[in-house]
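In: Predicted model and sequence follow; I will ask about them next.
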Amino acid sequence: MPDTRTVTASVRENAAYMNQILPVKESFDLVQRDLVIGGRGAALFFIDGFMKDEAMLKILDSLLGVAPEDMPGSASGFAAGCLPYVEVDTLSSFDQVLKNLLSGAACLFIDGYAACLVVDCRTYPARSVGEPEKDKSLRGSRDGFVETIVFNTALIRRRIRDPHLVMQMTEIGVNSRTDVALCYMSDRVEQSLLDNLTKKLQAIHTDDLRMNQQSLAEELFKRKWFNPFPKFKFTERPDTAAACLLEGKIVILVDNSPSAMILPTSILDIIEEANDYYFPTLTQVYLKFSRGLITFLTVFLTPVYLLFMQNPGWLPEAFGFVAIRDTVNIPLVFQMLMLELAIDGLRLAALNTPSMLSTPLSVIAGIVMGEFSVQSGWFNSEVMLYMAFVAVANYTQPNFELGYALKFMRLLLLVLTALFDWIGFAAGCVIVVCSICFNKTLSGRSYLDIRLH
């Protein structure tokens with residue numbers, strides 16, 4: 001619950017209440033510094049590690065030089081005439097004081113002033129704005145979002161120098177009080193979507209955003225578990241986020257998260273990548289077509305192959321060479337399902353393998369899986385070939401969540417085809433199409449809505 005107590009004019013009472021609420025004596029990083037400013041007692045509270053030491057030294061040097069006769073009659077007057085810093089605010093509510101202090105700002109109480117002076121000279125530990133590992137571009141910029149929301153908004157402002165760019169800040173979570181920025185172009189955004197999203201953000205009542213953006217996405221849109229297709233588009237590239245803003249979309253930034261959430265979205269938005277913005281029109285069309293075709297093949301290649309192997313008479317003579325000539329020791333569907341699981345196992349192993357060992361271990365895994373598994377009779381070489389294509393082709397589209405959604409659809413098709421032959425395959429195709437067509441996004445539009453393209 002929000003703290004309703006207000007700041008008093010007594011520095012002793014204010015400091016005692018701060019010590020009552022905060023574990024100042026128990027926590028080494030919560031620091032209280034008692035001062036004398038202009039002949040009056042003062043108490044400075046800050047968090048060690050969030051403070052710019054050089055800036056704070058200059059501020060303290062200036063404060064300790066204030067004479068008693070120069071002390072203004074109000075906290076706002078003191079902030080205007082005696083505090084030589086840009087970001088200074090006066091707060092009277094302890095709830096806001098605690099929120100700013102725990103966010104990293106310095107809070108100064110001076111005897112005789114019924115307000116707290118908040119000096120925002122904080123700095124957050126942050127990594128460099130290097131290019132994201134997943135969403136790379138051949139000709140685009142090499143910077144990417146980081147975990148600090150102020151840096152991320154600055155990266156977007158650097159690209160869009162337009163007064164219509166609005167960035168609304170709000171906080172979500174009773175305990176975490178996570179900063180969330182709502183970014184949009186006021187002259188291009190769809191007002192009904194903006195109003196709907198603002199109401200949903202204001203209606204969120206949760207203790208914290210444990211998983212940052214994912215927790216916020218779950219609060220905004222309660223997805224149906226049986227439809228795995230993503231509802232939002234995520235990007236770690238500020239140039240992609242800026243391009244989406246200029247298209248009239250809304251970008252949501254969450255503190256501690258190095259990616260931006262973009263909406264509204266459609267299936268074409270999900271399969272886009274950064275290179276689509278940096279090449280000529282003909283090249284863009286070719287890249288999108290090839291990526292769409294390969295994405296289609298990742299879903300239907302192995303189920304169609306299984307269907308033809310179950311019905312060899314359907315296979316045209318021109319494609320007779322694809323038929324399996326060797327002995328099939330294990331049914332094809334079990335071979336494919338085991339390889340699907342093995343590919344995920346290799347992917348998880350690569351994520352947890354030290355970088356210096358990932359390349360040799362990948363080569364060893366490839367040799368063992370590709371050569372010895374065929375020779376031992378567990379798998380047929382044709383099945384290994386098609387599953388290898390599916391595993392590699394799955395990386396042609398940048399969205400990780402969409403990749404797993406397509407994988408689940410492929411597994412469904414394999415199982416239904418193995419159980420019910422062509423009837424199962426047809427039923428699986430209907431389920432795949434329905435899962436895409438009836439996948440509603442936050443805006444209420446269909447997944448196939450491309451009005452903003």
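Out: Sure thing, it's come through.
In: okay, residue 346: pLDDT?
Out: Predicted confidence (pLDDT) for residue 346: 78.
In: repeat for the one 4 residues further on
Out: Per-residue confidence at residue 350 stands at 73 (pLDDT).
In: what's around it, how many residues?
Out: Applying other CB atoms under 10 Å, we find 14 residues neighbouring residue 350. Glycine gets a C-beta too; all of them are placed from N, C-alpha and C.
In: could you measure it against residue 344, distance?
Out: From residue 350 across to residue 344, the span is 11 Å (CB to CB, to the nearest Å).
In: do residue 251 as well
Out: In terms of CB to CB, residue 251 sits 31 Å off from residue 344.
In: low-scoring stretches of the stretch 1-150 of the chain, by residue?
Out: The model of the stretch 1-150 of the chain has pLDDT under 70 over residues 1-3.
In: of residue 251 and residue 344, who's got more company?
Out: Neighbours per residue, other CB under 10 Å: of residue 251 and residue 344, the larger number sits with residue 251, 25 against 13.
In: Can you classify that one as helix, strand or coil?
Out: strand (DSSP: H, G, I helix; E, B strand; the rest coil).
In: Residue 148 versus that one, what's the distance?
Out: Residue 251 is 16 Å from residue 148, by CB to CB.
In: ok, now residue 118?
Out: Counting by CB to CB, the gap from residue 118 to residue 148 is 19 Å.
In: got it, and residue 112?
Out: The spacing between residue 112 and residue 148, counted by CB to CB, is 36 Å.
In: who has more neighbours, those two?
Out: A count of neighbours by other CB under 10 Å puts residue 148 above the other of residue 112 and residue 148, at 19 against 16.
In: Next up, the contacts around that one.
Out: Residues near residue 148 by CB atoms under 8 Å, 6 or more residues apart in numbering: 124, 126, 255.
In: By neighbour count, which of those wins?
Out: Neighbour max across these (other CB under 10 Å) = residue 255, 22 neighbours.
In: ok now do the most centrally placed residue in the chain, which residues does it touch?
Out: A centroid search over the chain (CA atoms, centre = their mean) returns residue 259, at 3.7 Å, as the residue closest to the centre. By CB under 8 Å, 6+ apart, the residues touching residue 259 are 145, 213, 234-236.
In: For residue 425, which non-adjacent residue is spatially closest?
Out: residue 417 (4.4 Å; CB to CB, 6 or more residues apart in numbering).
In: distance between stretch 391-409 and the chain's centre?
Out: Centroid separation for stretch 391-409 versus its chain: 18 Å, with CA atoms, centre = their mean, to the nearest Å.
In: Flag every buried residue along it.
Out: 391, 393-394, 396-399, 401-403, 405-409 (16 or more other CB atoms under 10 Å).
In: neighbours around residue 316, how many?
Out: Neighbourhood size, residue 316 [other CB under 10 Å]: 7.
In: Please state the offset of stretch 18-35 from the chain centre?
Out: 34 Å.
In: same question, stretch 95-113
Out: Here stretch 95-113 is found 31 Å from its chain centre; the criterion is CA atoms, centre = their mean.
In: could you dump it to CSV, C-alpha only?
Out: Output in CSV follows, covering the C-alpha atoms of stretch 95-113 (Å, rounded to 0.1, in the frame of the first residue of the first chain):
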residue,chain,number,x,y,z
ASP,A,95,5.8,7.4,-0.8
GLN,A,96,7.4,9.4,-3.6
VAL,A,97,10.5,10.0,-1.5
LEU,A,98,11.0,6.3,-0.9
LYS,A,99,10.4,5.5,-4.6
ASN,A,100,13.0,8.0,-5.7
LEU,A,101,15.5,6.9,-3.1
LEU,A,102,15.2,3.2,-4.0
SER,A,103,15.5,4.2,-7.7
GLY,A,104,18.9,5.7,-7.0
ALA,A,105,18.2,9.4,-6.4
ALA,A,106,19.6,11.3,-3.4
CYS,A,107,17.1,12.6,-0.9
LEU,A,108,18.0,15.7,1.2
PHE,A,109,16.0,16.8,4.3
ILE,A,110,16.8,20.2,5.8
ASP,A,111,15.5,21.5,9.1
GLY,A,112,12.7,24.0,8.6
TYR,A,113,11.6,22.8,5.2
